[in-house]
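J.: sequence first, then the predicted structure, then my questions.
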Amino acid sequence: MPTGEVKVHAFMVKKAGLSDEDFHSHWRDPHGHLAMRVTEIIRYVQDHTYGSEPQFDGWRPLIYHGLPAVWFGDIATATGLHANPDFQESHADEENLVERDQLGWLRSTETVLVPGPPLAPADPERWKLTLLVGSAPTVDADVFPRAIVGVARDVVDTIPALVRATVSLPRADQYPDSPPLFDAVLEFSFDSRSDLEAETASAGFRRRVLPSIERLIKPGRSSAAVDLRGAMDLAVTARDGDGRQTTS
C-alpha cells in the first residue's frame with residue numbers, strides 16, 4: 001500500500017560551465033548539508049547519475065545529473081517548503097549548482113515493493129536503476145497507476161539481485177490543471193554496479209522485464225538512469241522522534 005508520506009522527486013541539470021566533478025562535490029557539501037538543516041524533512045537521498053544511462057531502444061536520452069528525493073510528513077509541509085526559513089539558504093545555493101529553468105519536480109506517493117534492509121547508520125551506498133516514465137497514450141490515465149504498480153510488482157520477483165524496489169506516482173491533487181513531468185518513477189536498487197549492469201544486460205531483463213514495462217509507457221517520453229544512491233553520510237537522512245537527525 002502507498003505510504004501516507006509525500007515523496008518529492010527533483011530532477012537536476014547541472015549549471016552550465018560546472019564540471020561533473022565540481023557538480024557532484026558541491027551537491028554533497030555544502031548543498032547536501034544545507035538541505036539537512038530543514039527540520040521538516042523526514043528523509044533525504046541524493047542519487048548521482050555521473051552521466052551514466054542504460055541503452056534502451058527508443059528511450060529519450062537522460063538530461064539530468066542529479067535525482068534527489070525528499071520525504072515529508074504531509075503535502076502541506078511539502079508545498080510550503082519555500083516559505084520555510086530553514087530552506088532559504090539551501091534554495092539560494094541552487095544558483096551555484098543547477099540550471100533553475102530546467103529544474104523539475106514531482107510530488108508523489110510512494111509504493112514500496114521490496115523494502116530492503118532497515119535503514120541504519122553506515123548504510124552502504126547502492127547502485128540504482130531509475131526509470132522516469134511517461135504513460136502510453138493508449139493506456140487510460142485512470143488505469144495507468146494501478147497497472148504500472150502491478151507490472152513492477154510482478155517483475156521484481158524475476159530480479160534475484162534486487163535489494164529494494166519502489167514506484168512513485170504523482171499525486172493527482174497536485175496536478176489538476178497541467179500534467180506532471182513524469183507519470184511514474186520506478187527505482188530498482190542493487191548492492192553493486194556490477195549486479196545492476198549484469199541484470200540490465202541479461203536476456204531475462206531484455207525479453208521479459210523491459211517489454212512488460214514498455215507495454216504501458218511511451219519510450220519517447222521516458223528516460224533511464226544508472227545512479228549511485230548517496231554520497232558520504234548523505235545517503236539517507238532520517239529523524240528520530242525528537243526531530244534529531246540520524247544519518248546513514
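T.: Cool, the structure landed.

J.: residues in contact with stretch 149-160?
T.: Where contact means C-beta atoms under 8 Å, 6 or more residues apart in numbering, the residues beyond stretch 149-160 that reach it are 111, 113-114, 162, 165, 167, 169, 186, 188, 199, 204-205, 208-209, 212-213, 215-216. All C-beta atoms are positioned from the backbone trio N, CA, C, and that covers glycine.

J.: list the buried residues of it.
T.: Along stretch 149-160, the positions that meet the burial threshold by neighbour count (16 or more other C-beta atoms under 10 Å) are 149, 151-152, 155-156, 159.

J.: may I have that stretch as CSV, with CA atoms only?
T.: Below are the C-alpha coordinates for stretch 149-160, written out as CSV (Å, rounded to 0.1, in the frame of the first residue of the first chain):
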residue,chain,number,x,y,z
VAL,A,149,2.5,-0.8,-9.9
GLY,A,150,1.1,-4.2,-10.8
VAL,A,151,3.7,-4.7,-13.6
ALA,A,152,6.6,-3.5,-11.3
ARG,A,153,5.3,-5.9,-8.5
ASP,A,154,5.4,-8.8,-11.0
VAL,A,155,8.9,-8.1,-12.4
VAL,A,156,10.7,-7.7,-9.0
ASP,A,157,10.2,-11.4,-8.4
THR,A,158,12.3,-12.1,-11.5
ILE,A,159,15.3,-9.9,-10.5
PRO,A,160,17.3,-12.0,-7.9
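
J.: note down every partner strand of the helix or strand encompassing E187 and its orientation.
T.: In this structure, E187 sits in strand 184-190 according to DSSP states H and E. Looking at strand 184-190 with DSSP bridges, its partner strands are strand 126-133 (antiparallel), strand 162-170 (antiparallel).

J.: what does the average pLDDT come to for the next helix or strand after that strand?
T.: As assigned by DSSP H and E, the chain's next helix or strand after strand 184-190 is helix 193-201. For helix 193-201, the mean per-residue pLDDT is 92.

J.: check stretch 226-239 too.
T.: Average pLDDT, stretch 226-239: 55.

J.: any regions of this structure where pLDDT drops low?
T.: Low-confidence segments of the chain, defined by pLDDT under 70: 1-3, 51-52, 119-124, 230-248.

J.: now do the strands in it.
T.: Taking DSSP state E as the criterion, the chain carries its strands at 6-11, 43-45, 47-48, 69-72, 104-114, 126-133, 162-170, 184-190, 223-229, 237-239, 245-247.
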